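Q: okay, sequence plus prediction incoming.
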Amino acid sequence: MWEGLSPLDGSPIVCIATLKSVNRKTGNMIQTFILHQDINPVAALKSGDDLAICGNCYHRGSGFVNNKPRRKRSCYVNVGQAPNSVWKSYRRNGYPKYDATLHSKYFKTRKIRWGTYGDGAMLPAELVTYFNDLCISHTGYTHQWRESFAQWCKGVFMASCDGLQDYIEASAHGWKTFAVVAKNSVAFSGKQCPATVDNSQAQCLTCSLCDGTKTDIFVEVHGTGASNFVAAV
């Protein structure tokens, strides 16, 4: 979809779309992976070079940045699986570069998920706008909502919040929020993600609440790093 530079540190990054998904929660949406062009995502996680694509996300891993240890990784993404596989295929030139004449037809009747891995705010606004207009709807989230370069995301992505203070601040600045809360805790914002309600048949594919415009949503922490989550103060 795009190759360019991270607005945070100038590293070369890439955005890749995969057209089929068996993800139970999202359903068969177009998935997007935002990756460092030159560094395997597993290695980037360990070295701290994932800063280029994850920024100041609260859930980043337990590697080191400027020789200081990060908190334990609470991200739901297993980087060694899909992100690693997508990156390896990219490095083998396994993905054609987007050509509107050839490829726009694959997006026109689909819903797109920005940031299956990586933060969509690292991408150009024009790119996201183009594909959102092409697709029938989208979901997207950003932890960069305090950053000046990410202000175009307001009304497009949800502000990712990891504590009450985040929620109050993001709401005060006009963002719709997506909050992560500890399991079995009292939620401080919005309504529970319909796809995570017990016995629900909802999927992101059938829901359009996380498009940055509608309402505040929360979800209980989940995935591979759930046991490491501590709510932000």
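A: In hand now; what should we look at?
Q: how close does the closest residue to residue 216 other than its chain neighbours get to residue 202?
A: Leaving out its chain neighbours, the residue that sits closest to residue 216 by Cβ to Cβ, 6 or more residues apart in numbering is residue 190, at 2.9 Å. No exception for glycine: its C-beta is placed from N, CA and C like everyone else's. For residue 190, the distance to residue 202 (Cβ to Cβ, to the nearest Å) stands at 15 Å.
Q: again with residue 176
A: Taking Cβ to Cβ, one finds residue 176 at 18 Å from residue 202.
Q: which one's more surrounded, the two?
A: The neighbour comparison of residue 176 against residue 202 (other Cβ atoms under 10 Å) goes to residue 176, with 23 against 15.
Q: secondary structure class for the residue nearest the centre of the chain?
A: Per Cα atoms, centre = their mean, the C-alpha nearest to the average position across the chain is that of residue 115, at 3.1 Å. Three-state assignment for residue 115 (DSSP: H, G, I helix; E, B strand; the rest coil): strand.
Q: low-confidence ranges in this protein?
A: Residues of the chain meeting the criterion pLDDT under 70: 61-71, 222-233.
Q: related to what we said a few turns ago, can you give me phi and psi for the residue nearest to residue 216?
A: Backbone torsions of residue 190, given as degrees, to the nearest 10, read phi 60, psi -150.
Q: pretty sure it is touching residue 218, no?
A: Yes - if you go by Cβ atoms under 8 Å, residue 190 and residue 218 touch, sitting 5.4 Å apart.
Q: what is in contact with those two at once?
A: residue 179 (Cβ atoms under 8 Å, 6 or more residues apart in numbering).
Q: how about the host helix or strand of residue 16 as PDB, C-alpha atoms only?
A: Assigned by DSSP states H and E, residue 16 falls within strand 12-18. These are the backbone C-alpha positions of strand 12-18, laid out as PDB (Å, rounded to 0.1, in the frame of the first residue of the first chain):
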ATOM      1  CA  PRO A  12      11.700   3.400   6.700                       C
ATOM      2  CA  ILE A  13       8.400   1.700   7.300                       C
ATOM      3  CA  VAL A  14       5.800   0.000   5.100                       C
ATOM      4  CA  CYS A  15       2.100  -0.700   5.200                       C
ATOM      5  CA  ILE A  16       0.900  -4.000   3.800                       C
ATOM      6  CA  ALA A  17      -2.700  -5.100   3.300                       C
ATOM      7  CA  THR A  18      -3.700  -8.800   3.400                       C
END
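Q: all further residue positions should be reported with the first residue as 14.
A: Will do, 14 is the new start, and the previous item becomes strand 25-31.
Q: burial count for residue 116?
A: Residue 116: 15 neighbours (other Cβ under 10 Å).
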